[in-house]
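K.L.:
model this:
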Amino acid sequence: MRAVTTTEAGGPEVLQITEVEAPVAGPGEVLIKVVAAGVNRADILQRQGHYPPPKGISDIIGLEVSGHIEAVGADVEDWAVGDPCVALLAGGGYAEYVAVPAGQVIPPPEGVDLVTAAGLLEVAATVVSNADHVGLRPGETFLVHGGTGGIGSFAIQYAKGIGCRVATTAGSAEKLDVCRDLGADIALDYHDDWAAQLKEATDGKGVDVILDIMGAKYLEPNVRSLARRGRLVIIGLQGGVKGELNLNALLTKGATVTATSLRFRPVNEKCAIVARVAAEVWPLIASGEIRLARESRFAVEDVRDAHEQLTGGNNVGKIVLTF
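P.N.:
Below you'll find the model as predicted:
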């Protein structure tokens, strides 16, 4: 089968299309013939050598796909060959076929084509699982960075939908308008002193929950922006891996800093998260209560261009590779 492989860690130029051996569906797994694969920030980190896959997982990049069931392994009862599906992966998505535990596979949302569906599951699973992790509640103030990205555009709508006041950051007037259109109550330019502006916008209180994709670069202003008993959950490291933490600021606020990675969770946890997305999020997408992010499609042969767009600073919404 064709797959995107890397010769070494580095820039987009290390990505290449090669022929590799196709996987097979083991017990409890299904084999998917891939229609499209979502492109995520984690893919960039893996390409650069900073985010290797869990032990025993394919080193082919890619954390989510859409497609059709090609084969069914032993002990799998709920899937048949030809069924359309989307899947959450620990790796292997940039390929024509991928084998995945059946519990991490669900039907696409009603009314959404398979290519678009390829870019929905990882985002939805990440936001929902982390909102649960920090106990996001109606009436709280929620901040997500990168409001026009895949995570941000979904998180704004999800938090707004459960009754939160939503703040976000973005890098241009156009992107801030997109955030407001998605439902953000507070939209701040990250080139400015967004932490000071956020403090003013919340009358000095700060925010209850922060979903952070930046890591080290935003650690200090994030902690400064937390309300009393606020919770910061770090899910990305775009701004580096080592930061300085003022423990007294946490102590005086009774605040919490935590970090999660969906990729490294046990299979049973991923299956539960995916099932929750199918039951609670897919109906919101089908009804239009959660609108789909803007989308850019690239043929798999143009994977280098897809990675360059994601890191170029002007991307809005999701990027998918098509096979």
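K.L.:
for the closest residue to residue 62 other than its chain neighbours, what are its contacts?
P.N.:
Nearest residue to residue 62, sequence neighbours excluded (Cβ to Cβ, 6 or more residues apart in numbering): residue 93, at 2.1 Å. C-beta coordinates here come from the backbone N, C-alpha and C atoms, glycine included. Going by Cβ atoms under 8 Å, 6 or more residues apart in numbering, residue 93 touches 34, 37, 38, 60, 61, 62, 63, 64, 65.
K.L.:
what residues are up against the last one?
P.N.:
Residues in contact with residue 65, defined by Cβ under 8 Å, 6+ apart, are 32, 34, 35, 36, 37, 38, 86, 87, 89, 93, 98, 118.
K.L.:
what's it sitting at in phi/psi?
P.N.:
Here is the backbone geometry of residue 65 (degrees, to the nearest 10): phi -140, psi 160.
K.L.:
I'd like the distance from it to residue 154, if you could.
P.N.:
For residue 65, the distance to residue 154 equals 18 Å [Cβ to Cβ, to the nearest Å].
K.L.:
For stretch 309-323, which outside residues touch it?
P.N.:
2, 4, 34-39, 41, 44, 94, 96, 115-116, 118-120, 123, 148-150, 153, 171, 175, 178, 293-300, 303, 306.
K.L.:
Report the distance from that stretch to the chain centre.
P.N.:
Its chain's C-alpha centre and that of stretch 309-323 lie 13 Å apart, by Cα atoms, centre = their mean, to the nearest Å.
K.L.:
For residue 130, grab the count of nearby residues.
P.N.:
Using other Cβ atoms under 10 Å, residue 130 has 24 other residues around it.
K.L.:
Then residue 1?
P.N.:
Counted with other Cβ under 10 Å, the neighbours of residue 1 add up to 15.
K.L.:
I'd say it and residue 95 touch.
P.N.:
Yes. Under the criterion of Cβ atoms under 8 Å, residue 1 is in contact with residue 95, at a separation of 6.0 Å.
K.L.:
what's the overlap in contacts for those two?
P.N.:
residue 20.
K.L.:
re earlier: of the contacts of stretch 309-323, buried ones?
P.N.:
2, 4, 34-39, 41, 44, 94, 96, 115-116, 118-120, 123, 148-150, 153, 175, 178, 293, 295-298, 300, 303, 306 (16 or more other Cβ atoms under 10 Å).
K.L.:
three-state assignment of residue 130?
P.N.:
Put simply, residue 130 is helix when judged by DSSP: H, G, I helix; E, B strand; the rest coil.
K.L.:
swap that for residue 78, sorry
P.N.:
coil.
K.L.:
Look up the closest residue to residue 115, ignoring the ones flanking it.
P.N.:
Looking at residue 115 with Cβ to Cβ, 6+ apart, the closest residue is residue 36, at 4.4 Å.
K.L.:
Just want the phi and psi numbers for the residue nearest to residue 62.
P.N.:
Here the main-chain torsion angles of residue 93 (degrees, to the nearest 10) amount to phi -70, psi -30.
K.L.:
Likewise for residue 215?
P.N.:
Per degrees, to the nearest 10, the backbone of residue 215 is at phi 80, psi -130.
K.L.:
my read: it touches residue 232, true?
P.N.:
No. Counting by Cβ under 8 Å, residue 215 stays clear of residue 232, with 10.9 Å between them.
K.L.:
With neighbour numbers in mind, choose between the two.
P.N.:
residue 232 (23 against 19).
K.L.:
hang on, residue 78 packs against residue 103?
P.N.:
No. Counting by Cβ under 8 Å, residue 78 stays clear of residue 103, with 9.2 Å between them.
K.L.:
Looking only at neighbour counts, state which of those two leads.
P.N.:
Counted by other Cβ under 10 Å, residue 78 and residue 103 do not tie: residue 103 has more neighbours, with 20 against 11.
K.L.:
Tell me the secondary structure at the more buried one.
P.N.:
helix.
K.L.:
how far away is it from residue 275?
P.N.:
7 Å.
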